[in-house]
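Q: pasting a predicted model and its sequence here:
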Amino acid sequence: MPQITGSTAASGSGDTNNDRPPNFVVPSRETARRVQAFIAEEPALGPRYARAKEFRRILRQVSNFDVTSRCNLRCEGCFYFEGDDYKQAAEQEDLAIWRAFFEDQAKRGVTFASLAGAEPALEQDRLEIANHCIPRGAIFTNGTIKIRTSINYSIVISIWGDPETTGTFRGGGVFWKALKTHKGDRRARALFMVHAKNIGQISPVTRIVSDFGIPLSFNYFSPTSSYLAKLAANAKNDDEFFRISSREDNFLLTADALERARDTIDDIIDLYPGIVFHTHAFNRVCTDPAGLYDVDPTTGIATNCGGRNFQWHQSYRVDLRPSNAKCCTPNVNCKDCRLNAVALASLLFRLERFVGSIAEFRDWLDICEQYGRSNLLDSDPAWRIDGADLARQTDALCSVAAPNCRDEAERVRDHGWTPLTAGEPARMF
Ligand code: SF4
Ligand code: SF4
């Protein structure tokens, strides 16, 4: 078996940031009491809460893997190539080393594999090995290459607008190719990247995606620092990832654009309930002009983001070493970051924010289920949690809400913030 380098082995290595972000807090006793009261008032929320806890357990240790630094497209404003982070790593080509790496990840207790790149579908042997070692995961792809049916991960296909706009920003034929390639593939979910120039296309694109029978949700354009700097400097266009944008005409979601995007997406959610699994609650949170995260004014980095690299959420570059960058999308500017996958994961661990009323709690459950629809296959056992689990659920809540509720460790256990190993503090956002 090939040797994995010390830093690749990761757990506890000097390259991995073991610090828990300062404002990751355990849900309070008061939160537990409120949740119990909501469920007592509306018992149908009980099974949904049980499922939400299961989703958090699934998320308790996620690794992000850049599977390759190669891509068959050249998209305007690309998160991967628009910036220098990817240049730090030479791609590991030895499949045996990839195998040993993923086996090591599984031994470390990684519960979910998030596979991206550049374009992960170009390296399907690596995807297959990952799936063999880590049963749950999602592949983030441009959708133009069919992924082997033997790979049992959800497939998240990015869509950047209607066929013409996609042709301009990504290349001719990309839109239709992605949809035709994944028609009838039960693993596929389409993720429409909404930006200032394609809000008017949300409705027609949803109709097309609906005709192809692919479940759909929305992403919100989140600029890279490099993209912002080029706009600010009124930089000349190049022939790579800044071909079209200008200071006056670009993708940025201003307050006005966010409002238009929110209203349009809200309408679409109601019009296509069978195919659009985006939720009103998530749409509302993501289109708040104030943003999603607390940003440290000194570093400019989000302090309460679920995508940050630390012991329980680690990104790996294509050399299979743990990334020392801030997160899995290091080129993106935290203040404007509304990336779908990271926002969903972060909100799953922010129950405290959603216990002001039963309506807020329902919102949180909606967001958790959107996470599930986006990342888990319909066949995942997590979806089977139902009324039968309610008794166990209620027991857990009672023990938490009791006046003599013992300590943080009990709340951690009962609410799905499960410590990874004995003595290790729990992961939460
Ligand atoms: S498909 Fe993804 S990785 Fe490739 S250029 Fe486009 S945005 Fe970048
Ligand atoms: S860029 Fe986005 S995902 Fe990365 S740390 Fe900032 S807020 Fe989190």
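A: Here it is on my side, so go on. From a predicted model like this one, the values you see are computed outputs, not experimental measurements. Ligands and ions are numbered 1, 2, ... in the order given.
Q: list the contacts of the spatially most central residue of the chain.
A: When CA atoms, centre = their mean is applied to the chain, the residue found nearest the centroid is residue 341 (1.6 Å). Taking CB atoms under 8 Å, 6 or more residues apart in numbering, we find residue 341 in contact with 114, 138, 140, 156, 307, 374, 375. For glycine as for every other residue, the C-beta is placed from the backbone atoms N, C-alpha and C.
Q: the fifth one: what's it in contact with?
A: Yep, that's residue 307 we're talking about. For residue 307, the contacting residues are 313, 327, 328, 329, 339, 341, 342, 345, 346, by CB under 8 Å, 6+ apart.
Q: just to revisit the earlier point, tell me the one of the contacts of residue 341 nearest residue 58?
A: Within those, proximity to residue 58 (CB to CB) peaks at residue 375, which comes in at 8.1 Å.
Q: nearest spatial neighbour of that closest one, chain-adjacent residues omitted?
A: Leaving aside its sequence neighbours, residue 375 sits nearest to residue 138 (CB to CB, 6 or more residues apart in numbering; 4.9 Å).
Q: pLDDT value on the one you found, please?
A: Looking at residue 138, its pLDDT is 97.
Q: okay, and the beta partners of it?
A: residue 114, residue 154 (DSSP bridges).
Q: correct me, but it touches residue 156?
A: Yes. Using CB atoms under 8 Å, residue 138 makes contact with residue 156 at a distance of 5.6 Å.
Q: could you tell me which residues touch both of these two?
A: Shared contacts of residue 138 and residue 156, counting by CB under 8 Å, 6+ apart, come down to 341, 374.
Q: from residue 35, how far off is residue 364?
A: According to CB to CB, to the nearest Å, residue 364 and residue 35 sit 10 Å apart.
Q: who touches both of these two?
A: Common contacts of residue 364 and residue 35 (CB under 8 Å, 6+ apart): 351, 355.
Q: send over stretch 34-48 as PDB, restricted to the C-alpha atoms.
A: Provided in PDB are the C-alpha atoms of stretch 34-48 (Å, rounded to 0.1, in the frame of the first residue of the first chain):
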ATOM      1  CA  ARG A  34     -38.700  25.900  23.300                       C
ATOM      2  CA  VAL A  35     -38.300  23.000  20.900                       C
ATOM      3  CA  GLN A  36     -40.100  20.700  23.300                       C
ATOM      4  CA  ALA A  37     -43.000  23.200  23.600                       C
ATOM      5  CA  PHE A  38     -43.200  23.600  19.800                       C
ATOM      6  CA  ILE A  39     -43.500  19.800  19.400                       C
ATOM      7  CA  ALA A  40     -46.000  19.600  22.100                       C
ATOM      8  CA  GLU A  41     -48.100  22.200  20.300                       C
ATOM      9  CA  GLU A  42     -47.700  20.600  16.900                       C
ATOM     10  CA  PRO A  43     -46.800  16.900  17.200                       C
ATOM     11  CA  ALA A  44     -46.200  16.600  13.500                       C
ATOM     12  CA  LEU A  45     -43.000  18.600  14.000                       C
ATOM     13  CA  GLY A  46     -41.500  15.700  16.100                       C
ATOM     14  CA  PRO A  47     -40.500  13.400  13.300                       C
ATOM     15  CA  ARG A  48     -39.200  16.300  11.300                       C
END
